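[1] Whatever this is, show me its structure:
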Amino acid sequence: NEQKRLYAGLEELMSATAGTASAATFALDTTLAREVVVGLFANPAVARVSIRSDNAILISMDRPGTSPAGIGQALTRKLSSPFDKTQIIGVLEVYPQDEQVRKAAAGSATLIALLLALELAGVAASVGWVVFSKVTRPIETVAQDLHRIQLGSGGLIWPPKGNEHDEIGQLVSDVNLMIA
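    Residues are numbered from 1 along each chain as shown. Okay, here's the model as predicted:
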């Protein structure tokens, strides 16, 4: 589902920034932590970011203009020490802007539906053209030729060009046998 794909994108974004967030947490560097938050806010689906060390909140910021009601459940990533990956020193929390995620998912779903509709229209047009050019037009030609023949004249009809050896050609041969 499209929403899951967008949330997976946020998880990937968190993975990309986890190293810098770990360094900021290890050094208790609020300036570096703020840079991580600003970078995460480059994605419009991010509503709030918190970086917490074991003892305190290093930084917690909401995107300006974000309604608290529109903030989703936190996606969390444990932050390990830059020097010892087994030592957990904090947590990176990214809160999605649920309405933005829904809008993006709806936009993607609409685009996919439009592309599928165009593909279906193309297939339908292709099938229609094939049926018209390979079946309808040759049968129509045979029917017109039949209407021109005078009963009892012994006249024959010829299969349309390209249909001499297919079912339409066989139909013309059978009709010629009947009228001869």
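[2] just how off-centre is stretch 141-154 within its chain?
    Computed by Cα atoms, centre = their mean, to the nearest Å, the separation of stretch 141-154 from the middle of its chain amounts to 55 Å.
[3] buried stuff in it?
    Across stretch 141-154, burial judged by 16 or more other Cβ atoms under 10 Å covers 141-142, 145. Any C-beta I mention is one placed from the backbone N, CA and C, and that applies to glycine too.
[4] Over to stretch 63-72?
    Going by 16+ other Cβ under 10 Å, stretch 63-72 has these buried residues: 63, 66, 70-72.
[5] Adding secondary structure and distance to residue 14, write the buried residues of stretch 141-154 out as a markdown table.
    Output for those, formatted as a markdown table (DSSP: H, G, I helix; E, B strand; the rest coil; distance: Cβ to Cβ, whole Å):
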| residue | secondary structure | distance to residue 14 |
| --- | --- | --- |
| 141 | helix | 67 |
| 142 | helix | 69 |
| 145 | helix | 74 |
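[6] helix or strand right after the helix or strand encompassing residue 4?
    When elements are assigned from DSSP states H and E, residue 4 belongs to helix 2-27. Scanning forward in sequence from helix 2-27 by DSSP H and E, the next helix or strand is helix 30-40.
[7] Export that following helix to PDB, keeping only CA atoms.
    Provided in PDB are the C-alpha atoms of helix 30-40 (Å, rounded to 0.1, in the frame of the first residue of the first chain):
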ATOM      1  CA  THR A  30      22.200  20.900  20.400                       C
ATOM      2  CA  THR A  31      23.400  22.800  17.300                       C
ATOM      3  CA  LEU A  32      24.200  19.600  15.500                       C
ATOM      4  CA  ALA A  33      20.900  18.100  16.700                       C
ATOM      5  CA  ARG A  34      19.100  21.200  15.300                       C
ATOM      6  CA  GLU A  35      20.800  20.600  11.900                       C
ATOM      7  CA  VAL A  36      19.500  17.000  11.900                       C
ATOM      8  CA  VAL A  37      16.000  18.200  12.600                       C
ATOM      9  CA  VAL A  38      16.200  20.900   9.900                       C
ATOM     10  CA  GLY A  39      17.400  18.200   7.500                       C
ATOM     11  CA  LEU A  40      14.500  15.900   8.400                       C
END
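[8] can you list contacts of the helix or strand that comes right after it?
    Once the chain leaves helix 30-40, the next helix or strand it forms, by DSSP H and E, is strand 46-53. Strand 46-53 has contacts (Cβ atoms under 8 Å, 6 or more residues apart in numbering) with 10, 13, 21, 24-25, 28, 33, 36-37, 40-41, 57-63, 66, 70-72, 74, 79, 89-98, 100.
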